[in-house]
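> Need the 3D shape of this:
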Amino acid sequence: MWQMALSCLCFNHYTNHTTTMKSINYWQILEGIEVNVLFFEYLCNQYIRKLHAINMAQENPQYTLFEWLRFPLIVGVVFIHCVGGPIDVESINFSHLSGTDWYDLIRIAFSNVLPRVCVPLFFFISGYLFYTRLSQWDWQVYAEKLKKRAKTILVPYLLWITIAIAYQCSILMVKEGWPAVSSFFAEHGYWHLYWDCYELDPVKLSWTGMEVHSSTPFHYALWFLRDLMIMMLFTPCFHILFKRLKIWGLLLLAVNYVSNIGAFLPELLPTPLLFYGAGVYFQMKNWDLTQCFKRCEWLIHCISFLLFAICLRYNSFYTETGNLFFPFFVMAGSMSVICIATRCIRHNILNSTFIPLSKYSFFIYLSHCVMILPVVLAFIAKIVKPSNPYAMIACYFMAPILTISICLLLAIGIKRTMPRLYNILTGGR
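Take a look at the predicted model:
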């Protein structure tokens, strides 16, 4: 009906002109009607999408919380990758801090301690969202979810590792020729490039003294997606665990996370097991994340600050002492971040910034490590050439800001000019 009404309006608009009916070009009238109809349909679709988002936010406060969190969490991930060289915490003179000491402390705080809650929170969010509609277990729903994640996670995982390999091979080809490329594949192995090409440092120790190893594919940031896909396959196990042991199952995973006792495989690390499992458990219990920490919020903040100070002093999990306190900081810090985000949303702080930018967070995650961050770091080292500790501090913050800005410009540009390519690169997100 609205299409007929719009057509009549457009026709009346043309017939009211001073020109005679004989001079009217009816093809132009029809084209004008078609353009107006399509534009009106576009406006209706946009309005429906906004209404859907508002309804989702009202019915499920976690939806807004997750949307708000995604962008600052990915900023934290970029800061982790901008840490620079190794830090010797024993060389820091805490009684009389020099410029170099401040530089090291800032890097510890903003790369080794504070942003270390970001990846666990991403696991938590993923577990919470994946378990939606699975409280009463349904294999058909589970299969549908796996099929959808194959497009949104597996395809970008394989594609971006291939892009990283192609980029590296092109550099080797230009600099050293084909023998360097063939030795590259011989050294790393074809399968390992997509699964466990590198081993992360440092090697942690469990409470029993067992070494805990962790690996990454060639695109080192994508270990998260690899482990996330494994967790999704293990979701039925989480369902059985929490249905039978209830809260004790979650506590068992927490003990495993703190102690590293059950870390037998690099792809079954305690971090994804606990935080993805916690997301499943919170969804199973239908707990409101915006309310469940409200009574003990300030206690959580105090504990988080105390543990942050200890991890800052002992350089996170890079020292034996820091490694004892680091898991407790991540658990308390994750809850603290949720409380802070909830307060910000309630008081409309940065809502108009973080929520619109959240749709680009996955592209930033996928793209920043491949070529953008290395180019930015090389630019700062060769062009800026920081010559003193305070210039180094400024360059330390410049690197992630430039990297994120370039990623955002690329994402916006590709999405607007080549939307199909953007959908392929991001798995349709």
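
> if you skip the residues just before and after it, what's nearest to Ile393?
Ranked by CB to CB, 6 or more residues apart in numbering and with sequence neighbours excluded, the top spatial neighbour of Ile393 is Tyr103, at 5.3 Å. (Glycine included, C-beta is placed from N, CA and C.)

> er, Val337 I mean
Per CB to CB, 6+ apart, closest to Val337 is Val117, 5.7 Å.

> follow-up on the earlier one: what is the neighbour count of the residue nearest to Ile393?
Neighbour count for Tyr103, taken as other CB atoms under 10 Å: 23.

> what does Phe94 give?
So Phe94, with other CB under 10 Å, has 9 neighbours.

> doesn't it fall inside a helix?
No - assessed with DSSP: H, G, I helix; E, B strand; the rest coil, Phe94 is coil; it does not lie in a helix.

> could we number from 28 for the rest of this?
With 28 as the first residue, the last one maps to Phe121.

> what's the distance between it and Ile330?
Applying CB to CB, to the nearest Å, one obtains 22 Å for the distance of Phe121 from Ile330.

> residues near Met445, how many?
12.

> per-residue confidence for the residue sitting nearest the centre point of the chain?
What sits nearest the mean C-alpha location of the chain, by CA atoms, centre = their mean, is Ile101, with 4.7 Å. pLDDT recorded at Ile101 is 98.

> which parts of stretch 327-345 are buried?
327-328, 330-331, 334-335, 337-345 (16 or more other CB atoms under 10 Å).

> make that stretch 404-417, sorry
Judged by neighbour count (16+ other CB under 10 Å), stretch 404-417 contains these buried residues: Leu404, Ile407, Pro413, Pro416.

> Tell me where the stretch 178-327 of the chain has helices.
182-202, 205-215, 217-220, 250-260, 262-272, 274-286, 297-312, 324-340 (DSSP state H, counting those that start in this stretch).

> wait, what's in contact with Gln310?
Contacts for Gln310 (CB atoms under 8 Å, 6 or more residues apart in numbering) come out as Gly154, Tyr155, Leu156, Tyr158, Thr159, Leu161, Ser162.

> quick one: which of those residues sit in strands?
Among these, none falls in strands (DSSP state E).

> of those, closest to Arg370?
Minimum distance to Arg370 across those is 19.8 Å, recorded for Tyr155 (CB to CB).

> What count of nearby residues applies to that closest one?
Tyr155: 22 neighbours (other CB under 10 Å).

> Asn87 is in contact with that one, correct?
No - using CB atoms under 8 Å, Tyr155 is not in contact with Asn87, being 10.4 Å away.

> So Gly154 sits against Gly306, correct?
Yes - the pair Gly154 / Gly306 is scored as a contact, 2.6 Å apart, by CB under 8 Å.

> circling back to that earlier point, out of the contacts of Gln310, which are buried?
Gly154, Tyr155, Tyr158, Leu161.

> Show only the entries of these found in helices.
Using DSSP state H, the subset of the buried ones among the contacts of Gln310 located in helices is Gly154, Tyr155.

> from the buried ones among the contacts of Gln310, which is closest to Ala191?
Nearest member of the buried ones among the contacts of Gln310 to Ala191, counting by CB to CB, is Gly154, at 26.8 Å.

> what's near enough to touch the closest one?
Contacts of Gly154 by CB under 8 Å, 6+ apart are Met258, Phe265, Phe302, Tyr303, Gly304, Ala305, Gly306, Val307, Gln310.

> Could you rerun that using 7 Å?
Under the criterion of CB atoms under 7 Å, 6 or more residues apart in numbering, the neighbours of Gly154 are Met258, Tyr303, Gly304, Ala305, Gly306, Val307.

> likewise Phe356?
By CB under 7 Å, 6+ apart, the residues touching Phe356 are Ser331, Leu334, Phe335, Cys338.

> show me the contacts for the last one.
Read that as Cys338. So Cys338 contacts Val140, Gly349, Phe352, Phe353, Phe356 (CB under 7 Å, 6+ apart).

> What separation is there between the fourth one and Leu301?
Between Phe353 and Leu301 the distance is 13 Å, computed by CB to CB.

> same question, the last one
Noted for Phe356: a distance of 14 Å to Leu301, by CB to CB.

> The second one too?
For Gly349, the distance to Leu301 under the criterion CB to CB works out to 19 Å.

> Those two: which is more packed in?
Leu301 (25 against 21).

> wait, doesn't that one sit right on Leu279?
No - Leu301 lies out of contact with Leu279 (CB atoms under 7 Å); the separation is 9.6 Å.

> how many neighbours does Phe352 have?
When counting by other CB under 10 Å, one arrives at 19 neighbours for Phe352.

> That one: what's it in contact with?
Taking CB under 7 Å, 6+ apart as the test, what Phe352 contacts is Leu334, Ile337, Cys338.
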